[in-house]
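Participant: test case, fold it:
(4 chains)
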Number of protein chains: 2
Amino acid sequence: MKDTPFVAIDCIIFGFDQKEESLKILLLKHVLQSGETTWSLVSGFLNIDESIDDAANRVLHSLTGLTEIYLEQLHASGAIHYGPEPRTIAISYYALINQNAGILDDKYSAHWIKLSEKPKLIFDHDEMVSRAIKRLQRRALTQPIGFKLLPTKFTMRQLIKLYEEIIGEPLDKRNFTKKVISLGLLKRLTEKEKNSSRKGSFLYKFNAEKFNKGVEKGMTLHTT
Amino acid sequence: MKDTPFVAIDCIIFGFDQKEESLKILLLKHVLQSGETTWSLVSGFLNIDESIDDAANRVLHSLTGLTEIYLEQLHASGAIHYGPEPRTIAISYYALINQNAGILDDKYSAHWIKLSEKPKLIFDHDEMVSRAIKRLQRRALTQPIGFKLLPTKFTMRQLIKLYEEIIGEPLDKRNFTKKVISLGLLKRLTEKEKNSSRKGSFLYKFNAEKFNKGVEKGMTLHTT
DNA sequence: TCAAAAGTGTTCACCGTACACCCATGG
DNA sequence: CCATGGGTGTACGGTGAACACTTTTGA
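Facilitator: Numbering: from 1, shown residues only, chains lettered A, B, ... in the order given. Reported below is the predicted structural model:
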C-alpha cells in the first residue's frame, strides 16, 4: 500500500446564464462502458511539481479553455471509505465565471446545469457543491463578489436577478439599487440596452477602484 | 521522484491565559543538532488509513494530551519551493481550548506563547497563523465562538478581556454586557468569584440551547 | 477611608426595511 | 393607446455607539 495519498482537485464553477437569468454550475458527464451515465465536478489530479493553486488553474483551463478566472480554495476532504481507491484526498475550489453561462459546451464536453436541476454527483462532490453554495451566499452578502459573475456591461435588472439567484430570496428593487449605488461600486454608462424592454435600461460598469475598498468594508444587502 | 505528495497536518491551537488575560498559541520548540532553535506549529503527517479530520485530532491529542477540542479546518497550502522536501502539502486546522492556557507545558514539550511574542516559525507556518487569527476574528464577530476558549464558569470581565484580545480593540463594557445578555447566551449564576475584586463578580455559564441558535443568527459586537 | 473592580440606563444617529406610482416606447 | 419593464423617494423602527456614576468591601 502506498503511504501517501493521491490529491485530487475539484472545481465548482459557477456561471450566470443571462438568457435564463439563472445560476448554473459546470459539470462533466461521464458515460461508462456499461452505458451508465454519471456526473462529476470538473476535476483533475495534483502534479508533483505544481502548487495546488496552479493545479486548480490548470484543471480549470484544460477542461474549459477559460483563463483569468476568480478562484478560491474551499476545503480539503479526505474521508476514508468514500471516494476512489487508492486513497485520495480532494481539495475543492470554487470559481466564478464572468461570461455568459451558455457557451463552450460541446468543445469541452462540459455542461452548464441549473443548480435546481443538478444531478447526483460522484464521490462527495455533492457535499462540495453545497459547501460552495454556502460560501458564495456568505460572500455575496459581505463582499461585492457577485459582480465577478457578470459581463463588463450589465443592467441593474441582471445584477438583481443574479443576487436573487445566489441568495435564493427576492430582493427589493428600490432598496437594492439604492444600496449598490450608495456603495459607489457602479458607474452608470450613458448607453442603454434596448432589447429587454421598450424603454431601454441603463448599462453599468464596475468602479474598479472603489470595488477593492468595498471588499474590505463589506456589502450588506437588503432582502425582501 | 514520488508522484504523490506527503500530507502534513498543522494545528494552530488557541488558548486564553486567564491569569495574564492574554490570548496564546501552542507551539513546539525544536533544538537542532547545530544548537539552533526553531519553532513550529503542532504538526504531524496524515496516515494513509485515517481521514484528515481524524488525523488532526490525533496530532492534537498525541502532542498535547487534550481531547474533545473544537477543531476546524482552515486551508490547504502547497506551494513548491517552500517547505520541506520531498514535496509536501499542508492542511492547517485551528483549535480552541477551553482550559487555562498555562498548564501542560513540560509534559508535552509544547509551549504557550503570547501572540504578540510569537517567534518566527518554520516553513509557511507564520502565514497559517495569520490566517487563523483572521478566521478567529471573523468568527468571533459573527458567532459566539469565543466562549469555547473559556472554562465552564467565568466572569464577565474574562469574557470581555477575551474578546478584546481576539479583535485587538477595546470594547465598551456596558454595551458588550448588554449585547451578550440580550442574546440570551448566558446564565448568570448566584455564585460570585471573590479573588479578582473586593466586591466580587458574578459567574456565568453558557446557555447551551440558545448557544446553538445564536450561532446561526450571528452575534455582532460593539467596538470602542 | 480609600482603592479597585463591578454593575448598570439613556440618548442619538444611522441604516435597513417596507412600500407605490409615473415614465418611456415599440407594437 | 396600451402593455411591459424601467426608474425613483419617504417614513419608521431597531440597533449600534457614546458616555459616567454609584456600589461593595478588603486592606
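
Participant: in the helix or strand A:H111 falls within, what counts as buried?
Facilitator: Per DSSP states H and E: A:H111 is located in strand A:110-114. Buried positions in strand A:110-114, judged by neighbour count with 16 or more other Cβ atoms under 10 Å in any protein chain shown: A:A110, A:W112, A:I113. All C-beta spots, glycine's among them, are computed from the backbone N, C-alpha and C.

Participant: just list what that strand packs against, helices and strands only.
Facilitator: strand A:6-17, strand A:22-31 (3 or more Cβ pairs under 8 Å, 6 or more residues apart in numbering or on different chains; DSSP states H and E).

Participant: direction included, what does it pair against?
Facilitator: Strand A:110-114 has the following strand partners under DSSP bridges: strand A:22-31 (antiparallel).

Participant: OK, contacts around A:S116?
Facilitator: A:S116 is in contact with A:S22, counting by Cβ atoms under 8 Å, 6 or more residues apart in numbering or on different chains.

Participant: and A:N175, that's in a strand?
Facilitator: No: looking at A:N175 with DSSP: H, G, I helix; E, B strand; the rest coil, it is helix, so not inside a strand.

Participant: give me the number of residues near it?
Facilitator: Neighbour count of A:N175, defined by other Cβ atoms under 10 Å in any protein chain shown: 13.

Participant: what pLDDT does it get?
Facilitator: pLDDT, A:N175: 95.

Participant: that one and A:I160: what is the separation?
Facilitator: As defined by Cβ to Cβ, to the nearest Å, A:N175 lies at a distance of 10 Å from A:I160.

Participant: buried deepest among the helices and strands packed on strand A:110-114, which one?
Facilitator: strand A:6-17 (a mean of 24; mean count of other Cβ atoms under 10 Å in any protein chain shown).

Participant: check which helices and strands that strand sits against.
Facilitator: strand A:22-31, strand A:42-45, helix A:52-64, strand A:88-97, strand A:110-114, helix A:125-142, helix A:156-167.

Participant: which of these is buried the deepest?
Facilitator: Ranked by mean neighbour count, the helices and strands packed on strand A:6-17 are led by strand A:88-97 with a mean of 23 (mean count of other Cβ under 10 Å).

Participant: wait, does it contact chain B?
Facilitator: Yes: Strand A:88-97 reaches chain B (Cβ under 8 Å from any Cβ of the partner chain) through A:I89, A:I91.

Participant: what packs against that strand?
Facilitator: With contacts defined as 3+ Cβ pairs under 8 Å, 6+ apart, strand A:88-97 has these neighbours: strand A:6-17, helix A:52-64, strand A:70-77, helix A:125-142.

Participant: can you list contacts of the last one?
Facilitator: With Cβ under 8 Å, 6+ apart as the contact definition, helix A:125-142 has outside contacts at A:10, A:12, A:14, A:25, A:40-41, A:72, A:74-75, A:77, A:90, A:92, A:94, A:96, A:115, A:118, A:120-121, A:145-146, A:163, A:166-168, A:218-221.
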